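[1] The sequence isn't on hand, but the structure is:
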Ligand SMILES: Nc1ncnc2c1ncn2[C@@H]1O[C@H](COP(=O)(O)OP(=O)(O)OP(=O)(O)O)[C@@H](O)[C@H]1O
C-alpha cells in the first residue's frame with residue numbers, strides 16, 4: 001500500500017514467529033530497501049505491518065494549526081505524516097525530556113499557543129528564576145519562581161483538588177466532566193519547567209520543602225485527571241537519583257516525550273517501558289534537528305515526531321492576545337466555572353478569535 005511518505009506492507013506471520021523477529025531486523029530492512037526507516041507494528045494477532053518511510057518527513061515542519069477542541073493541541077507532525085496531538089483528556093500527564101537546545105521549550109510554546117484561546121487556566125512552575133515562563137504571565141493564572149512559592153502553589157493545587165473531589169461526591173459524579181456545565185470547574189494545566197530543579201537540594205534547610213513539593217506533585221498526578229488538573233513536566237534530566245518522588249511521578253505520567261538527551265538514563269527513564277527500538281531511535285536524534293522527539297501516549301505506540309517551530313515571540317503574542325481569558329488564581333481557587341461549552345460550541349467560540357490571531 002503506498003502511503004504519503006513511502007509504503008506499508010502487511011505480512012502473515014509463519015508458525016512460531018513473533019513481531020519482535022521483524023523489529024530486530026527493521027534496521028537491516030531499511031538498509032536493504034534503501035529507505036529512511038522501517039517501523040514494525042502488529043495490531044492483529046498473526047500479522048505484522050512494516051511501514052517504510054523513504055525520506056525523513058520531519059526535516060521541515062512549520063505552521064502551527066489552530067487548536068479548536070478543549071484541552072487538545074496539535075503540536076507537530078508524526079513521522080507517519082499524521083498530526084502529533086497532545087490531548088489532555090485522553091492522556092492527562094506528560095513528561096517532556098530533552099538536553100539543552102533539544103526543543104523542549106519550543107514544544108511548551110506550541111502548547112501554550114494552542115491552549116491560550118481555550119477556556120482553561122494555566123499555571124507555571126519555573127525554578128530557573130522565572131526566565132522561561134515570565135514572558136507568558138499575561139495568560140498564566142499563577143506562576144511560582146521560588147521554592148517557597150512552589151510549595152504554596154502546590155498546596156493550593158492539592159486543596160483545589162480536594163474541593164473538586166467534594167463537589168463531585170456531592171453531585172454523585174466520578175469526575176468533573178460528569179458535572180453539569182454550570183458546575184464544571186475550569187480545567188487547570190500545570191506547566192513545569194525543569195523538573196529536576198524541584199527536587200535538587202542546595203542545602204539541608206530545603207529538605208522539608210522538597211519533600212512537601214514531591215508529595216504534593218505526586219498527589220496531583222495521582223488524582224488530578226478526574227478533577228481537571230493536568231501536568232506537563234519538562235526536564236533535561238529525569239533520573240532516579242533525583243529521589244523516589246521522581247520515579248513515582250514518572251509512573252503516573254503516561255504521556256512520554258523524549259527529545260535528544262545527553263545521558264542514556266534519561267532516555268530509559270522517559271521511554272524505558274516501551275519497545276527497546278524506541279530507545280535506540282531516541283539515542284539517534286541528531287543535534288541538528290531540534291524539536292525531533294520520540295513520543296508515546298495516546299494509542300500505546302511510539303512514534304518519531306517533530307514539533308512545529310514556534311518562536312518565543314509568537315507565544316508571547318498569543319498570551320497577550322488572550323490575556324482577557326485568564327482567570328485570576330483567586331477565581332480558580334474560589335471555584336471559577338468552565339463556561340458552559342460543549343466541544344462543538346467551543347469550536348464556534350474560537351472561530352472569531354482565530355481570525356484575530358491569523359489577521
Ligand atoms: N521543531 C523545531 N523546528 C525547528 N527549530 C526548532 C524546533 N524546536 C526547537 N527549535 C530550535 O532549537 C533551539 C533550541 O530549542 P529550545 O529552546 O526549545 O530548546 P530547549 O530544549 O528548551 O533548550 P534549553 O533547555 O536550553 O532551554 C531554538 O533555537 C529553537 O528555535
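    Sure thing, it's come through. All values reported here derive from a predicted model rather than from experimental measurement. Residues are numbered from 1 along each chain as shown.
[2] How about the residue in the chain that the ligand sits nearest to, nearest residue that isn't a chain neighbour?
    Closest residue of the chain to the ligand, C-beta to the nearest ligand atom: residue 291 (2.1 Å). No exception for glycine: its C-beta is placed from N, CA and C like everyone else's. Closest residue in space to residue 291, ignoring its immediate chain neighbours: residue 103 at 3.7 Å, by C-beta to C-beta, 6 or more residues apart in numbering.
[3] Likewise for residue 222?
    Using C-beta to C-beta, 6+ apart, the closest residue to residue 222 is residue 252 (5.8 Å).
[4] Show me what the helix of greatest length in the chain is packed up against.
    Determined from DSSP state H, the single longest helix within the chain is helix 147-171. Packing partners of helix 147-171 (3 or more C-beta pairs under 8 Å, 6 or more residues apart in numbering; DSSP states H and E): strand 121-126, strand 140-144, strand 188-193, helix 207-223, strand 229-235, helix 329-333.
[5] What about the residue nearest to residue 291, how many residues nearby?
    25 (other C-beta atoms under 10 Å).
[6] hang on, it packs against residue 305?
    No: Residue 103 lies out of contact with residue 305 (C-beta atoms under 8 Å); the separation is 10.6 Å.
[7] interface residues of the stretch 101-250 of the chain facing the ligand?
    101, 102, 103, 104, 105, 106, 236 (C-beta under 6 Å from any ligand atom).
[8] Could you identify the most distant pair in these?
    Using C-beta to C-beta, these span at most 14.3 Å, a distance reached by 106 and 236.
[9] More neighbours: which of these two?
    Between residue 106 and residue 236, counting by other C-beta under 10 Å, residue 106 is the more crowded of the two (24 against 19).
[10] Can you check the pLDDT for the more buried one?
    Looking at residue 106, its pLDDT reads 95.
[11] and it, helix, strand or coil?
    Secondary structure for residue 106, judged by DSSP: H, G, I helix; E, B strand; the rest coil, is helix.
[12] thinking it is in contact with residue 310, fair?
    Yes: at 5.7 Å, residue 106 counts as touching residue 310 under the criterion of C-beta under 8 Å.
[13] Residue 204: how many residues sit nearby?
    Count around residue 204 with other C-beta under 10 Å applied: 7.
[14] got it, and residue 65?
    Around residue 65 there are 11 other residues, counting by other C-beta under 10 Å.
[15] That one and residue 75 touch, don't they?
    No: between residue 65 and residue 75 there is no contact under C-beta under 8 Å: 9.7 Å.
[16] Spatially central residue for this protein, please.
    residue 94 (4.1 Å; C-alpha atoms, centre = their mean).
[17] re earlier: can you give me the buried ones in the longest helix of the chain?
    Residues 147, 149-151, 153-154, 156-158, 160-161, 164, 167-168 are the ones in helix 147-171 that count as buried (16 or more other C-beta atoms under 10 Å).
[18] separation between residue 313 and residue 60?
    The gap separating residue 313 from residue 60 is 20 Å, by C-beta to C-beta, to the nearest Å.
[19] wait, residue 6
    Noted for residue 6: a distance of 17 Å to residue 60, by C-beta to C-beta.
[20] Tell me which of those two has more neighbours.
    Using other C-beta under 10 Å as the criterion, residue 6 and residue 60 rank with residue 6 on top: 22 against 8.
[21] and the more buried one, backbone torsions?
    phi 170, psi -120 (degrees, to the nearest 10).
[22] rewinding a little: for the residue nearest to the centre of the chain, which residues are in contact?
    Contact partners of residue 94, counting by C-beta atoms under 8 Å, 6 or more residues apart in numbering, are 86, 231, 232, 233, 253, 255, 256, 257, 297.
[23] What's the local residue count around the third one?
    Neighbour count for residue 232, taken as other C-beta under 10 Å: 25.
[24] got a pLDDT number for it?
    At residue 232, pLDDT is 97.
[25] what's near enough to touch residue 147?
    Under the criterion of C-beta under 8 Å, 6+ apart, the contact list for residue 147 reads 127, 206, 209, 210, 213.
[26] Kindly report the same for residue 55.
    So residue 55 contacts 5, 36 (C-beta under 8 Å, 6+ apart).
[27] let's go with 6 Å and repeat that
    residue 36 (C-beta atoms under 6 Å, 6 or more residues apart in numbering).
[28] what kind of secondary structure is it in?
    Recorded secondary structure, residue 55: coil (three-state DSSP).
[29] so how far is residue 33 from it?
    Residue 55 is 13 Å from residue 33, by C-beta to C-beta.
[30] where are the low-confidence patches of the chain?
    62, 297-298, 336-359 (pLDDT under 70).
[31] rerun at 50
    Along the chain, segments meeting pLDDT under 50 span 340-341, 349-350, 352-359.
[32] which residue ranges form the helices in it?
    19-24, 26-32, 104-115, 147-171, 195-199, 207-223, 244-252, 264-271, 276-283, 312-321, 329-333, 343-358.
[33] tilt between the fourth one and strand 121-126?
    Counting by axes from the mean of the first three to the mean of the last three C-alpha atoms, to 10 degrees, helix 147-171 lies at 150 degrees to strand 121-126.
[34] Report the distance from helix 147-171 to the chain centre.
    Relative to its chain's centre, helix 147-171 lies at 22 Å (C-alpha atoms, centre = their mean, to the nearest Å).
[35] Return the distance of the nearest residue to residue 262 once chain neighbours are set aside relative to residue 281.
    Of all residues beyond its chain neighbours, the one nearest residue 262 is residue 99 (4.5 Å), with distances taken as C-beta to C-beta, 6+ apart. According to C-beta to C-beta, residue 99 and residue 281 sit 16 Å apart.
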